[in-house]
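Peer 1: need a structure here:
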Amino acid sequence: MKRRNPISKLWQPLVLVVACFGLGFSFSSDLNVEKETDNISVAAFGDGFITVSENGGMNWISGDGKIVQSKTIQDVKFSTVAANERYVVSAGSDGTIYCVDEDRVFKPIHSGTVKNVNCLTLFKNKVLAGYNSGELRIGSLDQKLEFANVELKGNILSLSSNETYCYGLTNHGEIFYTSNGTEWNVIDFNETYKGYYQSCTFNKILLTQNQIAVVGKNTDGEPVLYFSSKGSVWTERPLIYTDEEGFKAKLNEEPRDIFYDAMHDQYILLLQQGRVMTIPSCSHCHQLYKITDAEIHAISGNDKNIILVGEKDYIKLISTEFL
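Peer 2: Numbers count the residues shown, from 1 in each chain. Just a heads-up that it's a prediction; the model follows:
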């Protein structure tokens, strides 16, 4: 397999770092623009992206990495964002959930709880929100969210969906899924694989068209990545990588996020200290790259670019051709 050049050498001239400073938009009295906050989540939307921050801010990012509009809702701490072809849904503290339409009008969704929202996804014209203590709520964008009929023990930390299925996971190793939003299946990973794999706590799940991936750590604190085609049988991928100097090493930290680059059929793990690890189909071809000194909190992308967001309004857009 032909190795790509180290990211530090190729990406530096090609990346675009953007931040929200004085864009000159007019907002109503309950909206304002603030500076220097952490971008905490990101989602692809249209030809561009949407980011949300801890200060209740939302940025609309164009396909070439420019901020085209920013809005901030006071007294809200956003923690997650999801989007489909028409709508953006963002959520965070005290059960707050907002739906934003194509005209960028914010409309609150009644979540039915004051619990902080850990994660979101949009599935078959419904929004699903995950909370601590196994609480999952579901509903239409214009209705109050109701309890989903699924029994879980752990905190729901991640949700992911495609046109056919919706998957989620908890920090107790529970993986759950549905094809209709009504009937749910739950797999206790740790009980199912007891004696075969170490017990794990998972923090992210990602559903693609053909595969499900989960990341987290095992009882020894080692990072783990598992793949499954249908959610019932799981296979571990050893996280051995080649660094920028050409040396082999074993990953020793839990990934923060995961993204699938469909154009190059590879997963990208987001790590601490501004690093990413590429996971192509070749299990011996993993590579680790240092991108920035900033702390990155989330990763997303489309068929052209990967976007990284993090501390102090950090946003970086990178062509998928350079991984």
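Peer 1: is Asp75 in a helix, a strand, or coil?
Peer 2: Counting by DSSP: H, G, I helix; E, B strand; the rest coil, the backbone at Asp75 sits in coil.
Peer 1: let's number from 582 now, not from 1
Peer 2: Taking 582 as the first residue, the last one we looked at is Asp656.
Peer 1: my read: it touches Gly637, true?
Peer 2: Yes - between Asp656 and Gly637 a contact is recorded at 7.1 Å, counting by C-beta atoms under 8 Å. (Each C-beta comes from the backbone N, C-alpha and C, glycine too.)
Peer 1: the more surrounded of those two?
Peer 2: Higher neighbour count among Asp656 and Gly637: Gly637, with 23 against 10, using other C-beta atoms under 10 Å.
Peer 1: list the residues that contact the nearest residue to that one once chain neighbours are set aside.
Peer 2: Nearest residue to Gly637 in three dimensions, chain neighbours excluded: Val657, at 3.7 Å (C-beta to C-beta, 6 or more residues apart in numbering). By C-beta atoms under 8 Å, 6 or more residues apart in numbering, the residues touching Val657 are Gly637, Gly673, Ser674, Asp675, Thr677.
Peer 1: now these as TSV including pLDDT, secondary structure and distance to Arg685?
Peer 2: Converted to TSV, these look like this (pLDDT from 0 to 100; DSSP: H, G, I helix; E, B strand; the rest coil; distance: C-beta to C-beta, whole Å):
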residue	pLDDT	secondary structure	distance to Arg685
Gly637	94	coil	15
Gly673	96	strand	18
Ser674	96	helix	22
Asp675	96	helix	23
Thr677	97	coil	18
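Peer 1: identify the farthest-apart pair in the residues you listed.
Peer 2: Within the contacts of Val657, Gly637 and Asp675 form the most distant pair, 11.4 Å apart (C-beta to C-beta).
Peer 1: mind listing the helices for the protein?
Peer 2: For the chain, the helices defined by DSSP state H occupy 588-591, 770-773.
Peer 1: need the least confident one among these, by mean pLDDT.
Peer 2: For those, mean pLDDT drops lowest on helix 588-591, to a mean of 42.
Peer 1: in PyMOL, how would I select the buried members of the contacts of Val657?
Peer 2: The buried residues among those can be selected in PyMOL (16 or more other C-beta atoms under 10 Å) with this line:
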select buried, resi 637+673+674+677
